[in-house]
Every structure is written in C-alpha cells, then in structure tokens.
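Student: Sharing a model prediction with you, sequence too.
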Amino acid sequence: MSIILDKVNYVYSTGSAYEIQALKNINLQIEDGQFIGIIGHTGSGKSTLIQHMNGLMKATSGGIYFNGRDIYEEDYDKKELRTRVGLVFQYPEHQLFETTIFDDVCFGPMNQGLSKDEAGLRAFEALKMVGMPESLYYQSPFELSGGQKRRVAIAGVLAMKPEVLILDEPTAGLDPKGRDEILDLIADMHKKKKMTVILVSHSMEDVAKYVQRIIVMNSGEIIYDGTPGEVFRHYRELETIGLAAPQVTYLMHELKEFGLDADTDATTIEEAKKSILKMFR
Amino acid sequence: MNIIKASKLVHEYIRRDEEGNVESIQTAIDGVDLEVAAGDFIAVLGHNGSGKSTLAKHINALLEPSEGTLWVDGMDTSDPERIYEIRRAAGMVFQNPDNQIIASVVEEDVGFGPENTGVPTEEIWKRVEDSLRSVGMLKYRHHSPNRLSGGQKQRVAIAGVMAMEPKCIVLDEPTAMLDPVGRKEVLCAVSELNRKKGVTVILITHYMEEVVNADYVYVMDQGKIVMQGKPREVFSEVETLKEHRLDVPQITLLAHELRKAGLPVSKGILTREELEQELMGLYGSKK
Ligand SMILES: Nc1ncnc2c1ncn2[C@@H]1O[C@H](COP(=O)(O)OP(=O)(O)OP(=O)(O)O)[C@@H](O)[C@H]1O
Ligand SMILES: Nc1ncnc2c1ncn2[C@@H]1O[C@H](COP(=O)(O)OP(=O)(O)OP(=O)(O)O)[C@@H](O)[C@H]1O
Ligand SMILES: [Mg+2]
Ligand SMILES: [Mg+2]
C-alpha cells in the first residue's frame, strides 16, 4: 500500500510565453503510515507536487499509482481518491464556501454519500478535534480570524476520515499554541489511526520535530530525501536554495567549532538538550 | 505627541439581521492604550483572534473606533476628513504577497501608489528607484512580479508602501508564507528602513524569532494588551507567554529547558551567540 510517482513532469501554461516546468522527473515512493515533510523555497513546486497525489492535477507526463493502481486509468474513481487522500489547501479561504462553519465541515462527508446525521456527527467530531469553540459553529466561516479559518479547513478534511492526509502549510498564520495543537493532533492521527501524513512546511523547526522523512524540493526537482538528521547535514547547500536548518542545529555546529563535543545531527530541542547535558556531565 | 497613540480603544464587530436588529457583538479590541514613539520598531504578538489585524486596520483608518480614540501622527482616525492623510502616514503590508501586487512590471507596481496621489512623474521615478534599492530589489525593476519568489514579492510590496513615504509602516504577518531565506530578506529590509530612514515599524507576527530585535513588544489576548516590554523582559516569562498561547524563540526555549534540567544558564537568552557564550563560560568553569 503506497503512493508511487513515476517520472512525473508538470508544465504550467504549455506553449505560452509563460510556460513553466513546475515538476521535473519526480520519482517518489510514499509508504503506508509514513510521516513525511516536504520543504522547498517558494515556487519550488511543493503545492504542485501534492496536488498530483490526490489526482487534483494531472501530470503532463509520467504515472501515479495509489495502492498499486494507476490513477490515470480511465475507470479509476477520482472522486473516491480525493476522499481517501485528503488535502488541506495552502489558502484555507479557497476551501471554505458554505454559509456556516458547521455546513462547511459537513460538505465532505455528505459528498462521500453519508446521511445528514452521520455527516453532522463527523463534523462535530472534527471541529472538536481542531479545537473550534462550539459558540462559533453556526457563524459564517468568512468572519473568522486567519487561524480560525485554517482550523475549519482542516476539520473539513478530517471529517472525511482519509487514509492519507496531506497538509499544505497548515500552520502558516497559526499562533504558536495553535501550531502545536494542530501538529500534535496530526502526529496523534498518524500514530493512533496509522494515517499516512504529508506535511508541507516553511518551518524547519516543525518539520524536524515531527516528521521521519524530509523531501527537499528545488526548482521542481527533489534534491534530498532522508531523515531530518541526514537532510539538515546539508545546511550550507540548503541556504543557497532558500532554506535553512533549525536554530538548534546551527547552535550545535557552532558549539562544535568552539571545540565542544556537540551532536551536530541534533535537529530538535530534545536532541540538543540531551547532547548539551551530556557535555556537562 | 507620539506617532501612534491609542486611548481606551474599543472595536466591536456588530452583526445585524435583515431588520437591522443586533444579532451579535464581537469585541475585538477591548480598551487598548498604546503609545508608539516615532522611529521605534515594535512588535505585536497574540493568539489567533486576539485583535491584531483589527488594530492594524485601525492604524490605517480602515476601521473606526467603536469607543475611545486613536491618533496617527496627531490625526484622529475617526475624523473622516483626515483618512486620506492618515493612510499616507501609515502604510500597510499584508500576509499574502500575491494579493498586493497589481501591475505587471515591478517598477509600475511600486509607482502605482504615488502616481495615484498625484506625485509629479520625476519624483515618482526617484521614489521608485530609492524604495526598490532600499529593499534590495532594484535589479528586478523591469521584471514581472508574477515570476518572483514569495520573499521577493513581499519586498516589492514593502517598496510599494515605501514609495508613499509613510512615517509608519504596519506589517501584518508579512512573512507567514515565506521560506526561511525569504523571511530573513523581508526582516532585513524592514529593519534597514527603520534604522536608516527612521520609519516607525509595527510588525505583527507569529514567529517569535522575528521579534528579538524589536525595541518593544506588546502581547494581546482577547482584545487586550496583557504584556509589554523589551523582548528580553517579555521572553523571560516563558510560562506566562504559554498561557497566552504564545511561545519563545527556539534558542530561548532550549535555554529554559537546560535551566530546568539544572544547568545554571541565565534567564532571557534570545540568540545563539548569547547561549553559546553562556555555555562556553559554564564549560570553562567546570574544568
Ligand atoms: N496556476 C499557475 N499558472 C502558472 N504557473 C504557476 C501556477 N501555479 C504555480 N505556478 C508556478 O509553478 C511553480 C511552482 O509553484 P508551486 O505553487 O507548486 O510552488 P510552492 O513550492 O508550493 O511555493 P510556495 O512555498 O510559495 O507555496 C512556481 O514557479 C509558480 O510560479
Ligand atoms: N469582519 C469581521 N466580522 C466579524 N468579526 C470579525 C471580523 N474580523 C474579525 N472578527 C473577529 O474579531 C476578533 C479579532 O480578529 P482579528 O482578525 O483582529 O484577530 P488577529 O489577532 O489578527 O488573529 P490572527 O492571528 O488569526 O490573524 C476575532 O474573534 C474574529 O473572529
Ligand atoms: Mg505552495
Ligand atoms: Mg490577523
């Protein structure tokens, strides 16, 4: 059970003066149950890539296989694919359209064919999970603050109970507590529900803290693919392509240069703390 | 008078039904007193829905106080005759760079504001050049904004505001959509404007790292200002910040964790350099 991308290319505005190849020969295998982070400079192709994974965008060339089946086969059920591979968009505004928050979250499950009652139950559960106060359920999603809108958008996808959850910068604009809550929630779904999770993020710290595997995009290509420790070893190269390492990783490198026995593979506060405490033992 | 002065400022979003009856009242700003000295770089932190953007919109006279008064450069924002001048004095930059760019060539985009306000052509070109230079985007003047990276687009948006020569610039989460290098670029551009041109900066952000060099930090919670002080003072209060749904920079948190584990590092460490010095000092005295 997996998602496989085989030599995927994608070109925007083919044939026009603005033609741009956003994906270049992407080969990728995502195993069931993995927690993956995708990082890359703005415009590197992250959003384009993930929209291929749930069939929302169609590759200019190449193949995509979900659980062993070619999603570009004529009789493949695209609508079902979109409920099994849930995608939370980068701009939540693009995902909200109903008159109340509650109806908005009901939309996905209703679309899956659930009854109004079942969909309502799912919506209730999902809104609770993302921590929306009940007093707001029947308000318009358009009168919410930026962070609140994002929670509603995430709830809308969770309500469909997808097998694979893809989130495009889900914490942009969230307050720190909200960021931790959403990421902890996602990590929990990954662990308890064995959900495959793909997280696109501009926060090196968040990616390092949560994911097992990081995919690094640069101008439409995958240039690194490995554990946080492995990927952030290339911090100098990452800086030349718009990225960075987590703050603590820089700290560890600098301590090492000062002659201390610092673990330069540390990418989280926990790891850095462990290494520093060891130096002082 | 200070460039920004709020006195008991209140903002209520009032929702009415079709007959005009009040359906609900949301108090987004709840009695805020605030003074920003000209030339300061201040940061506003706060949980989602705490009222930051509402406050920003007041500074730009996009909203009118429900109660209390707000003065921008001495002008009362509830005076309809001054709105135009207030918006000239205080420029705004928003979160999403894509929604702010209008023209198809960078220099036209930057010149749009001054052109609209009747600045003479020669002066416009000078301002366009100056402002693009000060955000480090002069060499892109003939480019199409669509083809720039997020950090570059956001710097063009800042240049657009600069070309209006505001005394004050309000940035509402300008780096939320940017990669790490883009964030750094925008922050550098903004602090340059502040240092070299004396522009007052009000930065709204959820990235605690971006605040460590501010002159002063305000923390909002449910429409009220609940903490204020120099970054070092505010970030010393790790637990209190957490109660307000906020955080501290990653290095500050690491220092806090180390202290809890028994290493005697000082409170209020903000940067890598500071923590390194502390650790090297402790290491030296250990031997
Ligand atoms: N609808 C579109 N038409 C033409 N070009 C597009 C379109 N959408 C994206 N592009 C271009 O394709 C490239 C990849 O864009 P994409 O949105 O996938 O990047 P991203 O990595 O998600 O960036 P960000 O971090 O800013 O969200 C960029 O050069 C972008 O300008
Ligand atoms: N147009 C509106 N109509 C009604 N209520 C609104 C409107 N805009 C904002 N609010 C409410 O006012 C409060 C403050 O919102 P505001 O956008 O100022 O928060 P914020 O601090 O900028 O939040 P965020 O960090 O999420 O951007 C919130 O409770 C929000 O739901
Ligand atoms: Mg994107
Ligand atoms: Mg806001």
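Tutor: Done, it's in. Residues are numbered from 1 along each chain as shown, chains lettered A, B, ... in the order given. Ligands and ions are numbered 1, 2, ... in the order given.

Student: Let me see the contact set for the closest residue to ligand 3 within the stretch 151-287 of chain B.
Tutor: In the stretch 151-287 of chain B, the residue that lies nearest ligand 3 is residue B:177 (8.2 Å; CB to the ion). Every residue, glycine included, has its C-beta placed from N, CA and C. The contact partners of residue B:177, by CB atoms under 8 Å, 6 or more residues apart in numbering or on different chains, come to A:42, A:169, A:172, A:202, B:95, B:96, B:97, B:150, B:154.

Student: go again using 6 Å as the cut-off
Tutor: Contacts of residue B:177 were listed using CB atoms under 6 Å, 6 or more residues apart in numbering or on different chains, and they are A:172, B:150.

Student: same question, residue A:199
Tutor: A:37, A:167.

Student: switch the cut-off to 8 Å
Tutor: Residue A:199 makes contacts with A:35, A:36, A:37, A:38, A:167, A:170, A:186, A:206, A:207, A:210, A:211, as judged by CB under 8 Å, 6+ apart.

Student: so what pLDDT did it get?
Tutor: Listed pLDDT for residue A:199 reads 97.

Student: Look up which helix or strand it falls in, please.
Tutor: Using DSSP states H and E, residue A:199 maps to strand A:196-200.

Student: Pairing partners for that strand, with directions?
Tutor: strand A:35-40 (parallel), strand A:164-168 (parallel) (DSSP bridges).

Student: how about the CA coordinates for the longest one, as CSV?
Tutor: Output for strand A:35-40, consisting of C-alpha atoms alone and laid out as CSV, is shown next (Å, rounded to 0.1, in the frame of the first residue of the first chain):
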residue,chain,number,x,y,z
PHE,A,35,5.1,10.9,8.3
ILE,A,36,6.7,12.9,5.6
GLY,A,37,7.8,16.6,5.4
ILE,A,38,8.2,18.5,2.2
ILE,A,39,10.3,21.6,2.3
GLY,A,40,11.5,23.9,-0.5
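
Student: Run the contact check for the helix or strand following it versus chain B.
Tutor: Sequence order places helix A:46-53 as the next helix or strand after strand A:35-40, per DSSP H and E. No. Using CB under 8 Å from any CB of the partner chain, helix A:46-53 never reaches chain B; the gap is at least 9.9 Å.

Student: Nearest the geometric middle of the chain, what residue?
Tutor: The chain I'm using is chain A. For chain A, the residue nearest the mean C-alpha position is residue A:199 (2.0 Å; CA atoms, centre = their mean).

Student: let's do chain B instead
Tutor: By CA atoms, centre = their mean, the mean C-alpha position of chain B lies nearest to residue B:203, the distance being 1.3 Å.

Student: now that one, what's its secondary structure?
Tutor: Secondary structure state of residue B:203, per DSSP: H, G, I helix; E, B strand; the rest coil, is strand.

Student: do the one 10 residues further on as well
Tutor: Of the three states, residue B:213 takes coil under three-state DSSP.

Student: contacting residues for the residue nearest to it when sequence neighbours are not counted?
Tutor: With sequence-adjacent residues excluded and distances taken as CB to CB, 6 or more residues apart in numbering or on different chains, residue B:213 is closest to residue B:191, at 6.7 Å. By CB under 8 Å, 6+ apart, the contact list for residue B:191 reads B:41, B:201, B:213.

Student: Tell me the pLDDT of residue B:191.
Tutor: Looking at residue B:191, its pLDDT reads 92.

Student: what about the helix or strand following the strand holding residue A:199 and chain B, any contact?
Tutor: Note on strand A:196-200: by DSSP H and E, the next helix or strand toward the C-terminus is helix A:204-210. Yes. Using CB under 8 Å from any CB, we find that helix A:204-210 touches chain B at A:204, A:205.

Student: can you tell if helix A:204-210 touches ligand 1?
Tutor: No. Interface with ligand 1: helix A:204-210 contributes nothing (CB under 6 Å from any ligand atom), its closest point being 13.3 Å away.

Student: So which elements touch that helix?
Tutor: strand A:35-40, helix A:176-192, strand A:196-200, helix A:228-232 (3 or more CB pairs under 8 Å, 6 or more residues apart in numbering or on different chains; DSSP states H and E).

Student: again, only this time at 7 Å
Tutor: Contacts defined by 3 or more CB pairs under 7 Å, 6 or more residues apart in numbering or on different chains; DSSP states H and E place helix A:204-210 against strand A:35-40, helix A:176-192, helix A:228-232.

Student: Need the winner for burial among those.
Tutor: strand A:35-40 (a mean of 24; mean count of other CB atoms under 10 Å in any protein chain shown).

Student: what angle separates that strand from helix A:176-192?
Tutor: Counting by axes from the mean of the first three to the mean of the last three CA atoms, to 10 degrees, strand A:35-40 lies at 130 degrees to helix A:176-192.

Student: any low-confidence regions in chain A?
Tutor: By pLDDT under 70, the weakly predicted segments of chain A are A:1.

Student: let's go with 80 and repeat that
Tutor: A:1, A:17-18, A:91-97, A:145-147 (pLDDT under 80).

Student: Which part of it gets nearest to chain B, residue-wise?
Tutor: residue A:147 (2.8 Å; CB to the nearest CB).

Student: Test my guess that that residue contacts residue A:179.
Tutor: No. Residue A:147 lies out of contact with residue A:179 (CB atoms under 7 Å); the separation is 9.0 Å.

Student: the helices in the stretch 51-200 of chain B, which residues?
Tutor: B:52-59, B:83-89, B:106-116, B:121-134, B:150-162, B:180-197 (DSSP state H, counting those that start in this stretch).

Student: just these: most buried one?
Tutor: Mean neighbours per residue, mean count of other CB under 10 Å, is largest over the helices of the stretch 51-200 of chain B for helix B:150-162, with a mean of 27.
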